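Asks: would you be able to build a 3D model of this:
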Amino acid sequence: MNKKQIFKIIIFILIFIWLTISLTYILRTNGDEKDRFTGFYSEPDNTIDAVIIGSSPVYPGYATPKLWGETGIAMYPLSTNMQRPVAGYYLVKEALKTQSPQLFIFEMRMYTAKEDDMLNTIGHTRSVTDNLKYSWNRIETINAMVGDSEKFTEDRYTYYFDIFKYHSNWRTLFLWSQIRDITYEYPDDLKGYVIKDNVGPTEYLDVSDITETTPIEDTQEEHLYKLLDYLKEIDQDALFIVTPYTADGTDKQAQYNYIKAIVESYGYNFLNMNDADVASEIALDYSTDFADYGNHLNAVGAAKVTEYLGQYLIENYDFEDKRGQEEYSSWDESYELYLQEYQQAVDTINTKIANEDWTEVEEGE
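Replies: As a prediction, the model looks like this:
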């Protein structure tokens, strides 16, 4: 075999790999999570000030365009439903490929969950692994999240080569909403934020009297220490938060106290927004500001929590207000769009409150 033939083979292999990767990106099923990740990848290098990582409380609970419009802080969520704590370490590494955020923020609700319960819905694992660009870090993420669990035995290979999972989406191959993701980079209009206009009333539960500590599951504690050690190793500042919610009652508070002690021992701040003093400052109306009975915030609740977080960040960290800088014009546009969609959501929420049109809960939820 001569050099020319070898060269042709190499070119063929490279073209084949490129086509496979591009088709995979296109065929991955569209949705909020995919849009969030392609949006992150599309952000210009080293322009994100803060990255917030965590489960489903994040993307409807923190209105990133509002935070930008009121503080000049560009924060982006890398959030997926029921995001297992094991993902946090790898999402930090993924974010650092293109961004150098001043702060990483971690939502801690899932750290009190049991690993077996989270593994019951393997689609939530895919929400992370199938939304990463092909890379060595993606392979390491799959290795860590899939592991040796028998739940992944039959289709383990499809995590590495997810085109086998999504090949049946070929009918959508020529839709613009699919083709635009050929490089897995496409701007998200609301910078990862998702507006919820449902209403599910709940009541505030005062957890201030719960001062004891209860250990979290060993698996989650191991992931927490791994994350903290890595953050210290790379000299990265971080904030650990608990978004307001009431769905679990007061059962989790002792575990949050346990997590707080670990986090603070590393020199990082821990902000539990369920604590009475913080909840008082946020001033949520628990009868109207949640979308689903204490689990997730609706647009009105998110606006209040985002405003509080913005003030907290200004008071506790040295962020530069970047409003007015040309490279952040897309954030200005996102804020203008947010103001329009927020008002529409408020109108819808007010109508639902007046009609007592509460969120329906599916049987078994």
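
Asks: from here on, just use CA atoms for contacts and neighbour counts.
Replies: OK.

Asks: where in this protein is pLDDT low?
Replies: 7-9, 148-154, 362-365 (pLDDT under 70).

Asks: ok, residue 233 - how many residues close by?
Replies: Burial of residue 233 is recorded as 9 neighbouring residues (other Cα atoms under 10 Å).

Asks: roughly how far does it sit from residue 226?
Replies: 10 Å (Cα to Cα, to the nearest Å).

Asks: kindly report the same for residue 338.
Replies: In terms of Cα to Cα, residue 338 sits 36 Å off from residue 226.

Asks: the more surrounded of these two?
Replies: Using other Cα under 10 Å, the more surrounded residue of residue 338 and residue 226 is residue 338, with 23 against 14.

Asks: tell me the gap between the helix or strand containing the more buried one and the middle of its chain.
Replies: Using DSSP states H and E, residue 338 maps to helix 329-354. Helix 329-354 has its C-alpha centroid displaced from the chain centroid by 21 Å (Cα atoms, centre = their mean, to the nearest Å).

Asks: what's the answer for stretch 239-250, then?
Replies: Counting by Cα atoms, centre = their mean, stretch 239-250 comes out at 15 Å from the chain centroid.

Asks: what do you get for stretch 271-288?
Replies: Distance, stretch centre to chain centre, for stretch 271-288: 21 Å (Cα atoms, centre = their mean).

Asks: endpoints of that stretch, how far apart?
Replies: End residues of stretch 271-288 are separated by 23 Å (Cα to Cα).

Asks: give me the contacts around that stretch.
Replies: 199-208, 239-245, 256, 294, 301, 304-305, 308, 353 (Cα atoms under 8 Å, 6 or more residues apart in numbering).

Asks: now restrict those to buried residues only.
Replies: 199-202, 204-205, 207, 239-245, 256, 294, 301, 304-305, 308, 353 (16 or more other Cα atoms under 10 Å).

Asks: how many neighbours does residue 130 have?
Replies: Residue 130 - counted by other Cα under 10 Å - has 26 other residues nearby.

Asks: oh sorry, the question was meant for residue 277
Replies: There are 12 residues near residue 277, going by other Cα under 10 Å.

Asks: and the strands in the stretch 251-365 of the chain?
Replies: Using DSSP state E, counting those that start in this stretch, the strands found in the stretch 251-365 of the chain span residues 269-272.

Asks: could you pull out the helices for it?
Replies: 253-265, 276-282, 299-316, 329-354 (DSSP state H, counting those that start in this stretch).

Asks: for the longest one, buried residues please.
Replies: Think helix 329-354. Neighbour-count burial for helix 329-354, with 16+ other Cα under 10 Å as criterion, is recorded at 330-332, 334-336, 338, 342, 345-346, 348-350, 352-353.

Asks: before we move on, what about the third one?
Replies: If you call a residue buried by 16+ other Cα under 10 Å, then helix 299-316 has these buried ones: 299-310.

Asks: what helices or strands is it leaning on?
Replies: Using 3 or more Cα pairs under 8 Å, 6 or more residues apart in numbering; DSSP states H and E, the elements in contact with helix 299-316 are helix 58-61, helix 64-71, helix 276-282, helix 329-354.

Asks: may I see those organised as CSV, with distance to residue 322 added?
Replies: Converted to CSV, the helices and strands packed on helix 299-316 look like this (distance: least, Cα to Cα, whole Å):
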stretch, distance to residue 322
helix 58-61, 22
helix 64-71, 8
helix 276-282, 25
helix 329-354, 10
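
Asks: residue 25: which of these is closest?
Replies: In terms of Cα to Cα, the element of those nearest to residue 25 is helix 58-61, at 22.0 Å.

Asks: what sits up against that closest one?
Replies: Outside helix 58-61, the residues that reach it (Cα under 8 Å, 6+ apart) are 52, 77, 79, 107, 192-196, 243, 296-299, 301-303, 305-306.

Asks: count of neighbours near residue 216?
Replies: Counted with other Cα under 10 Å, residue 216 comes out at 19.

Asks: was I right about it contacting residue 253?
Replies: No. The pair residue 216 / residue 253 is not scored as a contact, 11.0 Å apart, by Cα atoms under 8 Å.

Asks: if I pick residue 73, what's in contact with it?
Replies: Contacts of residue 73 by Cα under 8 Å, 6+ apart are 49-50, 67, 319-322.

Asks: separate out the buried members of these.
Replies: 49-50, 67, 319, 322.

Asks: and those residues as CSV, adding distance to residue 270?
Replies: Putting those into CSV (distance: Cα to Cα, whole Å) gives the following:
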residue, distance to residue 270
49, 19
50, 16
67, 20
319, 18
322, 26
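
Asks: which one of those is nearest to residue 88?
Replies: residue 50 (14.4 Å).

Asks: list phi and psi for that closest one.
Replies: phi -150, psi 140 (degrees, to the nearest 10).

Asks: ok, it to residue 220 distance?
Replies: Taken as Cα to Cα, the span from residue 50 to residue 220 is 24 Å.

Asks: go on, residue 277?
Replies: Residue 277 is 28 Å from residue 220, by Cα to Cα.

Asks: could you do residue 92 as well?
Replies: Taken as Cα to Cα, the span from residue 92 to residue 220 is 17 Å.
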